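K.L.:
Provided below for reference: sequence and predicted model.
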Amino acid sequence: MTSQFQVPTTNLTAWRLKIGEDSHGQHKWVYLHDEKQREEWPQNNTEKYWLGLEVDVPELPKAKTPYEAAKNGLKFYRELQSDDGHFATEYGGPLFLIPGLVIGLHVCGRQLTPEQSKEMIRYLLNKRRKEGGWGLHTAAPPTVYGTVMNYVALRILGMGPDEGPMTEIRALIHEMGGATSIPSWGKVWLSILGVYDWDGVGSVPPELWLLPDWAPFAPWRWWIHVRNVFTPMSYLYGTRFVGPYTPLIFALRQELYVEPYESIKWSAQRTNVNPIDVYSPHHPVLDTLHGLLAYYEACPSIPCFSSALPLRKAALRRVYQIVTYEDENTGYQTIGPVSKAFNMVVRFAKEGPESDAFKAHLSRIDDFLWLSKDGLMMTGTNGSQLWDLAFMAQAAVETGLAYEDENKESVKGMLRWLDEAQMRENPKHYIAGYRHRTKGAWGFSTKEQNYTVSDCAAEGLKAAMTIQSLPYVTKTIGLDRMRDTVDTLLSMQNPSGGFASYELQRGSTKMEWLNAAEVFGNIMVDYEYPECTTSVLSALKYFSKLDPSYRPDEIENTVDRAIKWIHSVQRPDGSWYGSWGICFTYATMFALESLSIAGETCGNSERVRRACQFLVKHQMEDGGWGETYMSCVNMEYAQHEHSQVVQTAWVVLSLIYAQYDDKSVIERAVKLIMDRQRPDGRWEQEDTEGVFNKNCAIDYPGE
């Protein structure tokens, strides 16, 4: 019976977090088996906090003013600062990451440690929805993709077919029609495992990498995450790689389907995706191409078409080359956890288990694993180190808290970390790997991960300038290095005036016709965002005051064009749509910061007044604001049942930027924020704060 099942757990007091063991900013959770080791290396407050254990901090005097509340908040947050200066936090939410890693390790003949496996089982069972399964992310209702993939992960991790809730989960899978209708990424992983057939997967042709660069839909033009997933996926599809057939594989073939595995017509499953999973339906162009490519895939087995074989072999050589470029550019981390797992399997399939490349991949797995109070998760990248620190640094200085003696060492630590985290050169395979420049930039997480992100580079620059304005710090990041950052930022503006995330928009939005992922929206090219645009233009504006002699005309022109783009994407109701945070409150905060830099306020701008009216209209009775991630999904404001501290804070900043005249609106919101503060200075995480690709929520508990 499920009610008698005890969710497995380890001794949480035995876990420690290693910081920077192999690279700057790296996180690695380790389990200490020996009691003497635990005594010699006692848990610190960072470890206790994230594991949900009691933190050794004092109760603080209740704040009577906003400044005192902020002071108490920083006093608590300092307890979570690592020795190297940054703030280690979890970064989770998506539920399709763990299964890819677990399947990838399994087909490569590897497994996690017993303690990691136990904690990963605990995490998955803790995140199981009351409806019985899993969705795309922790806030979403169950889908075929989430439920099938996490059921498979639990089985590989050691759960028996009828252990605990497994029978109930399997019943839900059967109620959904079985695994045949899983979305495309799930079809690929299950095929690699050997519990789906490659004939049931829509074509993922590696030959696309043989297209000339001028081709309008060549893969180098795709959004960086999509092309970095497609590339290793196409190699595995092109070779029809399947892991070893074991008793578990044959058992899963019986468990996942409502009909006998041997009787399934796999070719009919290529476009079979359960409606409950579909966010972006296939465009007719994609289905037509899949139909035509099905004939091409049959060519190698037809004698008169055997000339197709050399083309496939050439394509596989080219794809493998691109995979190696990505691995070497990123220290075998790749851009994210999905491509990380795929690349690992590709290097294993091509070079074998004893190869240096495969071993290098194994050595970087722990970078993506984070232990929380709910168990062991796989994070959305190898962390959010730079992003969290940059805003904390700016907040500490702008509030005046950085001038307090008790905070000075903490602030110096932040600068030390920023100094080391800046990317000083372009990637090793800069041109050949189709990479945008990185010289002078900061990424979302660490320097080793080695990807420029426009807003992260901008916020990193702002943090460096802000801290180095303090009289007591040593200015370690000189103007020459800041100019490198500015050069990178200026190189990222699109013809529209807006800024995308990782690079310039390289292709037409009509490439969405080729979106085969089904569960995400707007993924095929790098779109422009109010959030990224604001971060960049604000950084350039502040830098021009620090160093007015450097490229002044270009900076002024870039800022002017960015402001015009911000104007152009304001919605009729006065808001802006957010693509990286939830949602309208998030993007409107950034947009109003942009307009304030341009001198637009409620007193002189109808645009700003409309934005403030939109925000104030959604203020809740308790004085706060709250949206759900469904705002991002449906692109219309979705009211939360409860106000959220994070979104309330975003709106307060928005109204301050706008110089909103009714101070009572702001005062009520600030009172709510102060009332939610705990006696030790912390604010508890409430609901999820982030999002990506319109349909997948992600957590930023460090915010």
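P.N.:
Cool, the structure landed. Numbers count the residues shown, from 1 in each chain.
K.L.:
Every contact and neighbour count from this point should use C-alpha atoms.
P.N.:
Will do.
K.L.:
and residue 55, that's in a strand?
P.N.:
No. Assessed by DSSP: H, G, I helix; E, B strand; the rest coil, residue 55 does not belong to a strand; its assignment is coil.
K.L.:
what's the distance between it and residue 85?
P.N.:
20 Å (CA to CA, to the nearest Å).
K.L.:
Counting neighbours, go ahead and name the busier of those two.
P.N.:
residue 85 (21 against 17; other CA atoms under 10 Å).
K.L.:
What count of nearby residues applies to the residue lying closest to the more buried one once chain neighbours are set aside?
P.N.:
Spatial nearest neighbour of residue 85, excluding adjacent residues (CA to CA, 6 or more residues apart in numbering): residue 413 at 4.1 Å. By other CA under 10 Å, the residues close to residue 413 number 17.
K.L.:
now residue 54
P.N.:
Quick note: residue 54 (other CA under 10 Å) scores 10 neighbours.
K.L.:
Please list all residues in contact with it.
P.N.:
If you count contacts by CA atoms under 8 Å, 6 or more residues apart in numbering, residue 54 has them with residue 48.
K.L.:
roughly how far apart are it and residue 13?
P.N.:
Taking CA to CA, one finds residue 54 at 11 Å from residue 13.
K.L.:
Now the common contact residues for those two.
P.N.:
Counting by CA under 8 Å, 6+ apart, nothing touches both residue 54 and residue 13.
K.L.:
can you tell me how far residue 324 sits from residue 432?
P.N.:
According to CA to CA, residue 324 stands 11 Å off from residue 432.
K.L.:
Between those two, tell me which one has more neighbours.
P.N.:
Set side by side, residue 324 and residue 432 show more neighbours around residue 324, with 18 against 10, by other CA under 10 Å.
K.L.:
At the geometric centre of the protein, which residue sits there?
P.N.:
residue 380 (3.9 Å; CA atoms, centre = their mean).
K.L.:
Show the model's pLDDT score for that residue.
P.N.:
Note for residue 380: predicted pLDDT of 92.
K.L.:
and what of residue 294?
P.N.:
88.
K.L.:
Settle this for me: it is touching residue 203, isn't it.
P.N.:
Yes. With contact defined as CA atoms under 8 Å, residue 294 and residue 203 form a contacting pair (6.8 Å).
K.L.:
Between the two, tell me which one has more neighbours.
P.N.:
Between residue 294 and residue 203, residue 203 has the larger neighbour count (other CA under 10 Å), namely 21 against 17.
K.L.:
Would you confirm that that one contacts residue 292?
P.N.:
No. Between residue 203 and residue 292 there is no contact under CA under 8 Å: 9.4 Å.
K.L.:
quick one, strands of the protein?
P.N.:
Using DSSP state E, the strands of the chain run over 15-19, 27-31, 369-372, 375-378, 625-627, 639-644, 690-692, 696-698.
K.L.:
With respect to residue 6, which of those strands lies nearest?
P.N.:
Residue 6 lies closest to strand 375-378 among those, at 14.2 Å (CA to CA).
K.L.:
domain parsing for the protein?
P.N.:
Residue ranges for the domains of the chain, per the TED database: 64-86+383-569, 96-378, 570-702.
K.L.:
Using TSV, lay out those together with distance to residue 7.
P.N.:
Listed next are these as TSV, based on distance: least, CA to CA, whole Å:
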stretch	distance to residue 7
domain 64-86+383-569	27
domain 96-378	6
domain 570-702	24
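K.L.:
Which of these sits closest to residue 20?
P.N.:
Among the domains of the chain, domain 64-86+383-569 sits nearest to residue 20 (CA to CA), with 7.9 Å.
K.L.:
Between its first and last residues, how far does that closest one reach?
P.N.:
Domain 64-86+383-569 has an end-to-end distance of 40 Å (CA to CA).
K.L.:
Likewise for stretch 593-613?
P.N.:
16 Å.
K.L.:
picking that back up, which ones are touching the residue nearest to residue 85?
P.N.:
83, 84, 85, 86.
K.L.:
Could you pick out which of these are located in helices?
P.N.:
Counting by DSSP state H, none of the members of the contacts of residue 413 fall within helices.
K.L.:
Next up, the contacts around the residue nearest to the centre of the chain.
P.N.:
Shown in contact with residue 380 (CA under 8 Å, 6+ apart): 91, 92, 93, 94, 97, 336, 337, 368, 698.
K.L.:
and the closest residue to residue 76 other than its chain neighbours, how many neighbours?
P.N.:
Among residues not flanking residue 76 along the chain, residue 681 sits closest, at 5.4 Å (CA to CA, 6+ apart). Using other CA under 10 Å, residue 681 is surrounded by 26 other residues.
K.L.:
can you give me the helices for the stretch 451-600 of the chain?
P.N.:
With helices called from DSSP state H, counting those that start in this stretch, the stretch 451-600 of the chain shows them at 454-467, 479-490, 530-546, 552-568, 584-597.
K.L.:
For the ones you listed, could you give me CSV that also reports mean pLDDT and distance to residue 664?
P.N.:
As requested, the helices of the stretch 451-600 of the chain are arranged in CSV below (pLDDT from 0 to 100; distance: least, CA to CA, whole Å):
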stretch, mean pLDDT, distance to residue 664
helix 454-467, 98, 30
helix 479-490, 98, 38
helix 530-546, 97, 27
helix 552-568, 97, 28
helix 584-597, 96, 19
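K.L.:
Let's have the ones you listed in a markdown table, adding mean neighbour count.
P.N.:
Below are the helices of the stretch 451-600 of the chain laid out as a markdown table (neighbours: other CA atoms under 10 Å):
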| stretch | mean neighbour count |
| --- | --- |
| helix 454-467 | 26 |
| helix 479-490 | 20 |
| helix 530-546 | 23 |
| helix 552-568 | 18 |
| helix 584-597 | 26 |
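K.L.:
Mind putting these into CSV with distance to residue 608?
P.N.:
Formatted as CSV, the helices of the stretch 451-600 of the chain follow (distance: least, CA to CA, whole Å):
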stretch, distance to residue 608
helix 454-467, 23
helix 479-490, 26
helix 530-546, 15
helix 552-568, 10
helix 584-597, 7
